[in-house]
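**Q** structural data only, the sequence is not supplied:
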């Protein structure tokens, strides 16, 4: 009888640990996704800035200004 009770407790504890692990894994993935999103946003901002800068240089050249870059 004691063995059965201990076995049931171990199963519950094991299931609880699995549930905690899965929750932690989900949190880790969410944090990774957030970091990826932040990194992607930085790259998009840099790309937009580069496009604006290129257009600005092109307009300067078209207007006859020397390219200081």
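**A** Okay, I see it. As the structure is a computational prediction, the values presented were derived from the model and not from experiment. Numbers count the residues shown, from 1 in each chain.

**Q** can you show me the helices along the chain?
**A** 2-62 (DSSP state H).

**Q** how about low-confidence regions in it?
**A** 1-2, 4-7, 51-52, 65-69 (pLDDT under 70).

**Q** let's see 80
**A** Flagging of the chain using pLDDT under 80 yields the residue ranges 1-14, 31-69.

**Q** can you tell me how far residue 59 sits from residue 46?
**A** The gap separating residue 59 from residue 46 is 20 Å, by Cβ to Cβ, to the nearest Å. All C-beta atoms are positioned from the backbone trio N, CA, C, and that covers glycine.

**Q** ok, now residue 39?
**A** Residue 39 is 11 Å from residue 46, by Cβ to Cβ.

**Q** same question for residue 8.
**A** 57 Å.

**Q** before we move on, what about residue 63?
**A** In terms of Cβ to Cβ, residue 63 sits 26 Å off from residue 46.

**Q** who has more neighbours out of the two?
**A** Using other Cβ atoms under 10 Å as the criterion, residue 63 and residue 46 rank with residue 46 on top: 10 against 7.

**Q** for burial, what's the neighbour tally of residue 57?
**A** Residues near residue 57, counting by other Cβ under 10 Å: 14.
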